[in-house]
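got a structure for you, letters missing:
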């Protein structure tokens with residue numbers, strides 16, 4: 001059997017339930033739980049669910065590039081670390097820049113210069129040092145700019161991998177989102193192999209539609225088999241909507257990432 005820890009995102013499933021009930025239900029169903037922004041959550045109530053909350057958004061605002069944005073990102077990352085302590089969340093997720101409720105960049109940054117790359121690497125090094133002091137891991141997520149997040153800098157998996165490798169800290173890892181990578185780059189199995197030393201977790205959804213595995217073009221059982229062959233035994237999280245019944249979506253996700261021993 002595969003050694004993956006399976007997680008599910010509580011923001012995108014069981015939307016008819018109060019948030020704490022979603023978290024508790026996913027936990028009782030055997031999944032690690034992921035959340036997005038923490039500022040609107042009742043953190044003590046989430047802690048009381050007993051769920052393992054493995055990932056949350058690790059900043060409130062800011063960006064990797066301009067000095068004011070970088071300082072803002074670091075300042076709100078410290079606030080996020082305090083929130084992570086309440087729910088004992090090990091991984092805090094960041095992007096190239098802050099996103100609005102529609103997933104669009106608060107300050108679009110479509111042209112990225114060499115000096116922007118250097119500034120981003122410096123900001124991420126500071127972020128990794130902050131994570132080390134607090135015993136947490138920041139993850140840098142790749143996004144797609146064609147469908148969901150136009151105008152986000154350092155969006156491609158190639159970009160996030162280059163930045164994380166440049167910083168080369170165990171407290172800064174990749175959140176390798178295969179839904180976004182399929183839209184922007186494809187070649188997922190090869191990408192997983194190149195990124196493997198730097199992966200903090202993997203997120204999945206199918207394309208098109210951003211629903212559970214088995215609803216689109218990605219053959220996730222082959223991806224799961226490749227990850228097993230590579231020796232990946234970390235977290236695979238379904239950050240996806242349910243095409244129909246969310247219980248069925250969770251079942252399809254579990255089946256796609258259950259790899260039988262040879």
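Arrived safely, thanks for sending. What you are looking at is a predicted structure, and each value in this text was computed from that prediction instead of being measured. Numbers count the residues shown, from 1 in each chain.

now do the contacts for the residue most central in space within the chain.
The residue lying closest to the centre of the chain (Cα atoms, centre = their mean) is residue 175, at 4.5 Å. Taking Cβ atoms under 8 Å, 6 or more residues apart in numbering as the criterion, residue 175 is in contact with 55, 91, 93, 139-142, 200-203. Every C-beta, even on glycine, is put in place using the N, C-alpha and C of the backbone.

now those as JSON lines including pLDDT, distance to residue 180 and secondary structure?
Below are the contacts of residue 175 laid out as JSON lines (pLDDT from 0 to 100; distance: Cβ to Cβ, whole Å; DSSP: H, G, I helix; E, B strand; the rest coil):
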{"residue": "55", "pLDDT": "98", "distance to residue 180": "15", "secondary structure": "strand"}
{"residue": "91", "pLDDT": "98", "distance to residue 180": "17", "secondary structure": "strand"}
{"residue": "93", "pLDDT": "98", "distance to residue 180": "13", "secondary structure": "strand"}
{"residue": "139", "pLDDT": "98", "distance to residue 180": "13", "secondary structure": "strand"}
{"residue": "140", "pLDDT": "98", "distance to residue 180": "12", "secondary structure": "strand"}
{"residue": "141", "pLDDT": "98", "distance to residue 180": "8", "secondary structure": "strand"}
{"residue": "142", "pLDDT": "98", "distance to residue 180": "5", "secondary structure": "coil"}
{"residue": "200", "pLDDT": "98", "distance to residue 180": "15", "secondary structure": "strand"}
{"residue": "201", "pLDDT": "98", "distance to residue 180": "14", "secondary structure": "strand"}
{"residue": "202", "pLDDT": "98", "distance to residue 180": "11", "secondary structure": "strand"}
{"residue": "203", "pLDDT": "98", "distance to residue 180": "8", "secondary structure": "strand"}
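
so which of those residues is the closest to residue 19?
Relative to residue 19, the closest of those is residue 55; by Cβ to Cβ it sits at 15.5 Å.

and that closest one, how many neighbours?
By other Cβ atoms under 10 Å, the residues close to residue 55 number 28.

you'd agree it is up against residue 236?
No. Residue 55 is beyond contact range of residue 236, at 11.8 Å (criterion: Cβ atoms under 8 Å).

give me the common contacts of those two.
Common contact partners of residue 55 and residue 236 (Cβ under 8 Å, 6+ apart): 7, 201.

follow-up on the earlier one: check the offset of the helix or strand harbouring the residue nearest to the centre of the chain from the chain's centre.
Assigned by DSSP states H and E, residue 175 falls within strand 172-177. Distance of strand 172-177 from its chain centroid, counting by Cα atoms, centre = their mean, to the nearest Å, is 7 Å.

I'd like the next helix or strand past it.
By DSSP H and E, the next helix or strand past strand 172-177 is helix 178-184.

counting by contacts, list what that next one packs against.
Secondary-structure packing of helix 178-184 (3 or more Cβ pairs under 8 Å, 6 or more residues apart in numbering; DSSP states H and E): helix 157-167, helix 188-195, strand 199-204.

need the winner for burial among those.
Comparing the helices and strands packed on helix 178-184 by mean neighbour count (mean count of other Cβ atoms under 10 Å), strand 199-204 ranks first with a mean of 24.

packing partners for that one?
By 3+ Cβ pairs under 8 Å, 6+ apart, strand 199-204 packs against strand 137-141, strand 172-177, helix 178-184, helix 220-230, strand 235-238.

just the angle for it relative to helix 188-195, thanks.
160 degrees (axes from the mean of the first three to the mean of the last three Cα atoms, to 10 degrees).

ok, residues contacting strand 199-204?
Residues outside strand 199-204 that contact it (Cβ under 8 Å, 6+ apart): 7, 54-55, 91, 137, 139, 141, 173-179, 192, 213, 218, 220, 223, 227, 232, 234-240, 253, 257.

can you select the buried ones from the residues you listed in PyMOL?
Buried residues within the contacts of strand 199-204, by 16 or more other Cβ atoms under 10 Å, are selected in PyMOL with:
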select buried, resi 7+54+55+91+137+139+141+173+174+175+176+177+178+179+192+213+218+220+223+227+232+235+236+237+238+239+240+253+257
